[in-house]
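**Q** I would like the atomic coordinates for the input below:
(one chain, ligands or ions: 2)
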Amino acid sequence: MRMTDRDVRLGDMEIDPGKMYTLRELAEEFQVSERTLTRKLETQELRGYKVGAQWRIKGRDWMSFSGVVQGPHVYVVANAKGGAGKSTFTANLAVLRAQEGRRVLLLDLDPQGHLATLLRMPVDPSRTTAQLLDEELRLGRTHPQFQERWRTLWTDLLQPIPHEGADDALGRVFLVPAHNDLQDLERANFHRTKPVEYALKEAIAALSTVNPDIDEIWIDTPPNLGPLTRNALMAGHSLLSPFAKSDLGLDGLERLMSLVEQYLEFNPYLRIAGLAMNFGNPRTIMHGEIRETIRQRPQLAPYLLEAYVSEAERFNQAPRLGLPLVLAEPNSVSANELRAVLAEVMQRAE
Ligand SMILES: Nc1ncnc2c1ncn2[C@@H]1O[C@H](COP(=O)(O)OP(=O)(O)OP(=O)(O)O)[C@@H](O)[C@H]1O
Ligand SMILES: [Mg+2]
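**A** Residues are numbered from 1 along each chain as shown. Ligands and ions are numbered 1, 2, ... in the order given. This next block holds a predicted model:
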């Protein structure tokens, strides 16, 4: 269960990651009852140490706890199979959320960098998700300029989408694009001191402390279950998996679901918010067949969304306009279908 704003309110105190705090200090500063925190400590949602009868909480543990509680909701779009519609869904759903008034950050974890292509954003190789993960891995939390360094880096990385003459919603969308460099991280499984898989989670926790204006994050992932997708699963709250009608074997989804099960141990906040069919066409036999196959698999059946997105040529034209389809053709069948998928995802994410 995710805590709501009512459970904890963020105080103004700068938390020193290396320092130990008492329960009372944190409770008073963050206006939360000591009993609530004690419960969180007992259920190990919040890590702490007992000194006699008193709890002591390390600054960094408090930061990752309150980062999850307070930080932006993180949506992960993943499927181990290529061409399922991950990038298309990520860009379009994020923009729809911005139209609803949310401030949205798009993070591209796929070295192919399709989000920038879809939004027609130039990519500066020194301002990408590679820097983000790299900085996290190099900069220790006990570094004296930890907060300052993150403030500078995030400010530099958050790139607004140009939106002259386009929908205002784009003014609420930011992108950290991907670059080929990311492949290096894909190969390096372990950093000297810690598993690479935690890097994104920690970077997002740092974002919440230096720039609390982002309401949610949408992450696009590569078509595999390597370290980059794992970083996303470690940081995510809601997982959405588009799948292609033609992917009758469904092994990409099944492998992903097995991985999610393993990751729940490390990230208990992760929920599957839906499996969404893409390239649908109810007039074909395959459409019905794949839905039936999913319904028969207990690992997948509970997550199949009613809404689906039909195969439509306009998806291949929209990128030429440099706009996600929901903005290029807001009244099209495809845009309506994407809105229906989003509505179902939101229902399940909440
Ligand atoms: N419903 C659809 N109808 C027709 N074409 C579509 C549809 N959805 C996506 N496409 C097109 O299919 C291609 C693959 O989509 P997309 O890039 O979103 O998939 P992906 O899962 O991100 O792929 P990759 O695994 O390579 O990153 C793109 O050219 C996209 O424009
Ligand atoms: Mg993609």
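**Q** Would you map the strands across the chain?
**A** 20-22, 49-51, 54-58, 73-77, 104-108, 159-160, 173-176, 216-220, 238-244, 271-280, 304-310 (DSSP state E).
**Q** quick one: S238 and V77 touch, right?
**A** No. Contact between S238 and V77 fails when scored by C-beta atoms under 8 Å: they sit 9.7 Å apart. (C-beta placed from N, C-alpha, C; glycine too.)
**Q** higher neighbour count, the two?
**A** V77 (29 against 23; other C-beta atoms under 10 Å).
**Q** And that one, how far from ligand 2?
**A** Separation of V77 from ligand 2 (C-beta to the ion, to the nearest Å) stands at 9 Å.
**Q** Where does pLDDT dip in the stretch 201-350 of the chain?
**A** Nowhere does the stretch 201-350 of the chain drop to pLDDT under 70.
**Q** For the one residue in it that gets nearest to ligand 2, give the beta-bridge partners.
**A** Closest to ligand 2 within the stretch 201-350 of the chain is D220: 5.8 Å, counting by C-beta to the ion. Listed beta-bridge partners, D220: V77, D108 (assigned using DSSP bridges).
**Q** Who are the contact partners of the residue of the stretch 51-200 of the chain found nearest ligand 2?
**A** Closest residue of the stretch 51-200 of the chain to ligand 2, C-beta to the ion: S87 (3.3 Å). S87 is in contact with 77, 110, 114-115, 118, 220, counting by C-beta atoms under 8 Å, 6 or more residues apart in numbering.
**Q** Recalculate using a threshold of 7 Å.
**A** When contacts are counted by C-beta atoms under 7 Å, 6 or more residues apart in numbering, S87 touches 114-115, 118, 220.
**Q** Double-check L327 against H163; I have them as touching.
**A** No. Between L327 and H163 there is no contact under C-beta atoms under 7 Å: 9.4 Å.
**Q** Looking at the two, which has the bigger crowd around it?
**A** Between L327 and H163, L327 has the larger neighbour count (other C-beta under 10 Å), namely 23 against 15.
**Q** Show me where the stretch 101-250 of the chain has its helices.
**A** Under the criterion DSSP state H, counting those that start in this stretch, helices of the stretch 101-250 of the chain are mapped to 114-118, 129-138, 146-157, 182-187, 199-210, 227-235.
**Q** So what's the gap between the last one and the chain middle?
**A** What it means is helix 227-235. Taking C-alpha atoms, centre = their mean, to the nearest Å, one finds the center of helix 227-235 at 9 Å from the center of the full chain.
**Q** what's that helix in contact with?
**A** 74, 76, 78, 109, 182, 185-186, 189, 196-201, 204, 219, 221-222, 259-260, 263, 266-267, 270.
**Q** Of those, which qualify as buried by neighbour count?
**A** 74, 76, 78, 109, 182, 185-186, 196-201, 204, 219, 221-222, 260, 263, 267, 270 (16 or more other C-beta atoms under 10 Å).
**Q** Among these, which ones lie close to ligand 1?
**A** Among the buried ones among the contacts of helix 227-235, no residue lies close to ligand 1 (C-beta under 6 Å from any ligand atom).
**Q** Hmm, the residue of the stretch 201-350 of the chain closest to ligand 2 is touching Q112, no?
**A** No. Judged on C-beta under 7 Å, D220 makes no contact with Q112 at a distance of 9.3 Å.
**Q** neighbour-wise, which of those two wins?
**A** Taking neighbours as other C-beta under 10 Å, D220 and Q112 compare with D220 leading, 27 against 18.
**Q** now, which of the contacts of S87 sits nearest G18?
**A** D220 (34.1 Å; C-beta to C-beta).
**Q** quick one: contacts for the closest one?
**A** Counting by C-beta under 7 Å, 6+ apart, D220 has contacts 77, 86-87, 90, 108-110, 114-115.
**Q** Over to L41?
**A** With C-beta under 7 Å, 6+ apart, L41 has these contacts: 48, 55.
**Q** Compute the distance between it and ligand 2, please.
**A** Taking C-beta to the ion, one finds L41 at 41 Å from ligand 2.
**Q** what about R348, neighbour count?
**A** When neighbours are counted by other C-beta under 10 Å, R348 registers 15.
**Q** May I have the residues that are in contact with the closest residue to it other than its chain neighbours?
**A** In space, and not counting its chain neighbours, R348 is closest to A273: 4.6 Å by C-beta to C-beta, 6 or more residues apart in numbering. When contacts are counted by C-beta under 7 Å, 6+ apart, A273 touches 238-240, 345, 348-349.
**Q** Keep only these that also lie close to ligand 2.
**A** Among those, no residue sits close to ligand 2 (C-beta under 5 Å from the ion).
**Q** Switch those residues over to JSON lines; also include distance to ligand 1.
**A** Formatted as JSON lines, those follow (distance: C-beta to the nearest ligand atom, whole Å):
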{"residue": "S238", "distance to ligand 1": "18"}
{"residue": "L239", "distance to ligand 1": "14"}
{"residue": "L240", "distance to ligand 1": "12"}
{"residue": "V345", "distance to ligand 1": "16"}
{"residue": "R348", "distance to ligand 1": "21"}
{"residue": "A349", "distance to ligand 1": "20"}
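**Q** Alright, calling it a day.
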